[in-house]
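> Build me a structure from this.
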Amino acid sequence: MSDSDGRVMTGALLVLTGMMLGAGVALLLAPQSGERTREDVARFAKKARRRVKGAAGEFAESVSDMVDEIEHRSEELLGQGKELAKESKGAILEAIDESQKRLARQRERLAGLLG
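A predicted model of the protein is given here:
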């Protein structure tokens, strides 16, 4: 075994030993048992799930309200557009009628001039 390989093995053993010592100290100094920690994690997960469900419900309701509002406004705009189209059609028909009357008067005038 070369000197380089020996250093690598020594370093690996030191890291492994440090990990085992750290885990042992953590178990000795842990503020509560593993069972209690698992219960706390499970309780936290349940609370988080309820919060997510609540937020998802609120989001869905908000989107639904927004869709209803868009539908209502679209119907209003469609109604206004139809009313505007009717008004415009009426104005155009009046303009055409007035133009036809003027044209008829001009024809009569021209016919009178030409004899």
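
> okay, CA-based contacts and neighbour counts for the rest of this
Will do.

> quick one: secondary structure of residue 31?
Put simply, residue 31 is coil when judged by DSSP: H, G, I helix; E, B strand; the rest coil.

> next one: phi and psi at it?
Phi and psi for residue 31, reported as degrees, to the nearest 10, are phi -70, psi -20.

> Tell me how far the helix or strand hosting residue 111 lies from the chain's centre.
Element membership for residue 111, per DSSP states H and E: helix 34-114. Relative to the centre of its chain, helix 34-114 is centred 19 Å away, using C-alpha atoms, centre = their mean, to the nearest Å.

> tell me the mean pLDDT over it?
Helix 34-114 shows a mean pLDDT of 88.

> Who are the packing partners of that helix?
Contact partners of helix 34-114 among helices and strands, from 3 or more C-alpha pairs under 8 Å, 6 or more residues apart in numbering; DSSP states H and E: none.

> Tell me how far residue 70 lies from residue 77.
Distance of residue 70 to residue 77, given as C-alpha to C-alpha, to the nearest Å: 10 Å.

> next one: residue 11
76 Å.

> Also residue 31?
65 Å.

> Ok, residue 102 next?
37 Å.

> go on, residue 63?
21 Å.

> cool, residue 22 as well?
70 Å.

> do residue 42 as well
52 Å.

> With residue 98 instead?
31 Å.

> Work out for me the element residue 8 sits within.
helix 3-29.

> Might you calculate how far that helix sits from the centre of the chain?
The mean C-alpha position of helix 3-29 is separated from the chain mean by 50 Å, C-alpha atoms, centre = their mean.
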